[in-house]
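Asker: here is a sequence with its predicted model. Questions after.
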Amino acid sequence: MLLGTLHREVLWPRVYAIARQYRTPAAFRPVPAPRGPIQTPQDFLTAIGRSCDTKLKVGDWETMWKMGGTGMKKEGVGIQDRRYILWAMEKFKAGHDLTEIAHPEKPKKKIRGWGPSVQFGKRIRSRRHR
């Protein structure tokens, strides 16, 4: 009885925690080979644009592909930039050309306001007779 309790309460959570560490998919994904003009991580980040080369500093190709979102978060990369870099990495893995998929950041809105009160930079007033 004591051995069963020891196994269930002490050993199993530790074994489960250790096994869970090795279950992360990033460790088992194959690292794509550099191709074309993209041979280093800086070339990759420059090719996808949005000044990602200044936001993420990575030493070598293998490290960049094993990093993942949490590693980028620890490096201080913002959420939108992380999502864009990870999206571009998946496209590169799938064999897409980065010059075709890279797109500029969405520009800031020039017209501020909520709803129809401001349209095309002009204030819209009620059309009913007062």
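Answerer: Everything's here; your move. Note that the structure is predicted; figures quoted are calculated from it, not measured.

Asker: isn't V77 right next to K55, touching?
Answerer: Yes: under the criterion of CB atoms under 8 Å, V77 makes contact with K55 at 5.4 Å. (Glycine included, C-beta is placed from N, CA and C.)

Asker: neighbour-wise, which of the two wins?
Answerer: Neighbours per residue, other CB atoms under 10 Å: of V77 and K55, the larger number sits with V77, 20 against 17.

Asker: contact partners for the more buried one?
Answerer: Contact criterion CB atoms under 8 Å, 6 or more residues apart in numbering gives 55-56, 85 as the residues in contact with V77.

Asker: report the contact partners of the residue lying closest to R29 once chain neighbours are set aside.
Answerer: For R29, the nearest residue in space outside its immediate sequence neighbours is W65; the separation is 7.5 Å by CB to CB, 6 or more residues apart in numbering. Taking CB under 8 Å, 6+ apart, we find W65 in contact with 29, 31-32, 89.

Asker: any of these buried? List them.
Answerer: The neighbour-count test (16 or more other CB atoms under 10 Å) applied to the contacts of W65 identifies M89 as buried.

Asker: now, the contacts of W65 that are in helices?
Answerer: In helices, defined here by DSSP state H, the members of these are M89.
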